[in-house]
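Peer 1: following is a predicted model, sequence given first.
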Amino acid sequence: MKKLLFFLFATTMTHAQQYVWTQRASLPANPRHEAMAFSIGSKGYFGTGMNSVLFSTFNDLWEYDEPTNTWTQKANMPGPSRYGAAAFSIGSLGYVGTGWTNSGVQLNDFYEYNPATNQWTAKADFAGAKRYDACGVAIGNTGFIGFGYSPLQKDIYQYFPVSNSWLKMPDLPAAPRQSIAAFVINGTGYFTGGASGQYDFKDCWAFTPANNLWTQVADYAGAGRHGGVSMVINNLGIVGGGRDSINIFNDYYAYDPSLNSWSQVTNFPQSARFSADAFTINNKGFVCGGWDVFGNHYSELWELSQVTSVNNPLPQLQITSQYFSATKTLLVKNQSASAAEVTLYSLSGSMVANHSISAGDAYSFQMDAVAKGIYLCRASADNSQPFVTKFSVN
């Protein structure tokens, strides 16, 4: 599996975690913004959306398989092609609804997708007003869709798959908004950001269906924004990207419910973009699509993962490295019990070299063709903490 780029950043000691962005296989379809995404097991699903340059909306659905890093096209979503739809998954099924069409028609239709049969089934229409840029999450065995524009809304509805019915929940006790980011941790939904006209929010609200209670929690640590993405990695809610009325952002922050605090994690390593979408697989977040200030649309897929922790119980790889300036070679020895994948990067994140070193073996990387400067050496293997060190090429 080819890893194109690697970026490492250690957060504050509050979480003492390191996060890495890795580029994965791009969506093999038109680049787009305001698509929808959800995950089921080890697979992510991404589809619909719009490409403003092509002036096209889409109804396609693509399945991403995380273990093999491959995409497979699935059955198109019924109903009109759309963008700004809301989606979530419950158990082995995905649910998608609302949005708007290329001609500006707002929608309230709602569908269930079954990956086992690759079939869509029409379900009860969303019970609220037709809208787009709504937010969808699943908490337990029920789903929720709310907020969005039709015009601006602050309502939220609960969907019950067993009875195929909707129930209105208490409104958000704050200003109505669209393009909000949301994530779920331990039976509570967290909703942050969004926009109302030219104003962008940074307040964050927790909703607990067990008692239908809204509680305001710590404000988002970055600038107020809309059109960001969200994911959950090891019980931390990660929110980033998006834009306000002037800026487009590439910063990301992690929310820890146990501390009611946010801390910054690794910035997105490429051009800042908004209206992308994200899904989570096995405590890894995946961000796909979006567009930038120049109107460029993207089909890239990027993975954000936590690579280590101060208190990580996994054993450290037994790796040593030594740079020889006379011959401009980096000697890496693997004294571990398993093979290690060793990759060299520039500080800007460009991959310089890669080689798999067997257990007990060594390999010399020739560095005479690279520019002078500081480089990173990273070694990784299953069930071990990654080894990362710096070295200088003179």
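Peer 2: Nice, I can see it.

Peer 1: near residue 102, how many other residues are there?
Peer 2: Counted with other Cβ atoms under 10 Å, residues neighbouring residue 102 total 14. (Each C-beta comes from the backbone N, C-alpha and C, glycine too.)

Peer 1: for it, give me its contacts.
Peer 2: For residue 102, the contacting residues are 50, 55, 56, 57, 81, taking Cβ atoms under 8 Å, 6 or more residues apart in numbering as the criterion.

Peer 1: any idea how far residue 325 is from it?
Peer 2: Remark: distance between residue 102 and residue 325 (Cβ to Cβ, to the nearest Å) = 60 Å.

Peer 1: so which of the contacts of residue 102 are in strands?
Peer 2: The strands, defined by DSSP state E, take in 50, 56, 57 from these.

Peer 1: distance check, the last one against residue 178.
Peer 2: It refers to residue 57. To residue 178, residue 57 is 18 Å away according to Cβ to Cβ.

Peer 1: the first one now?
Peer 2: For residue 50, the distance to residue 178 equals 15 Å [Cβ to Cβ].

Peer 1: which one's more surrounded, these two?
Peer 2: residue 50 (27 against 23).

Peer 1: tell me which of the ones in strands among the contacts of residue 102 is nearest to residue 118?
Peer 2: Distance ranking of those against residue 118, using Cβ to Cβ, places residue 57 first at 21.8 Å.

Peer 1: the closest one - nearest residue in space that isn't next to it in sequence?
Peer 2: Distances taken as Cβ to Cβ, 6 or more residues apart in numbering place residue 81 nearest to residue 57, at 4.1 Å, with adjacent residues excluded.

Peer 1: relative to residue 129, how far out is the one you found?
Peer 2: Between residue 81 and residue 129 the computed distance is 21 Å (Cβ to Cβ).

Peer 1: excluding its backbone neighbours, what's nearest residue 200?
Peer 2: In space, residue 200 comes closest to residue 224 once its chain neighbours are excluded; the distance is 3.7 Å by Cβ to Cβ, 6+ apart.

Peer 1: let me fix that, I meant to ask about residue 118.
Peer 2: Residue nearest to residue 118 in three dimensions, not counting chain neighbours: residue 75, with 5.0 Å by Cβ to Cβ, 6+ apart.

Peer 1: residues near the one you found, how many?
Peer 2: Using other Cβ under 10 Å, residue 75 has 15 neighbouring residues.

Peer 1: hmm, residue 255 and residue 232 touching each other?
Peer 2: No. Residue 232 is beyond contact range of residue 255, at 9.7 Å (criterion: Cβ atoms under 8 Å).

Peer 1: which residues do the two both contact?
Peer 2: Common neighbours of residue 232 and residue 255 (Cβ under 8 Å, 6+ apart) are 183, 238.

Peer 1: neighbour count for those two, which is higher?
Peer 2: Ranked by neighbour count (other Cβ under 10 Å), residue 232 and residue 255 place residue 255 first, with 25 against 18.

Peer 1: the more buried one contacts residue 193, doesn't it?
Peer 2: No. In this structure residue 255 lies outside contact range of residue 193 using Cβ under 8 Å: 11.8 Å.

Peer 1: find residues that contact each of those two.
Peer 2: 220, 239.

Peer 1: now do the contacts for the spatially closest residue to residue 84 that is not a sequence neighbour.
Peer 2: Excluding its sequence neighbours, the residue lying closest to residue 84 (Cβ to Cβ, 6+ apart) is residue 132, at 3.5 Å. Contact analysis of residue 132 by Cβ under 8 Å, 6+ apart lists 82-85, 98-100, 106-107, 148-150, 178.

Peer 1: same thing with residue 158?
Peer 2: With the criterion set at Cβ under 8 Å, 6+ apart, residue 158 makes contact with 142, 143, 144, 166, 167, 168, 169, 209.
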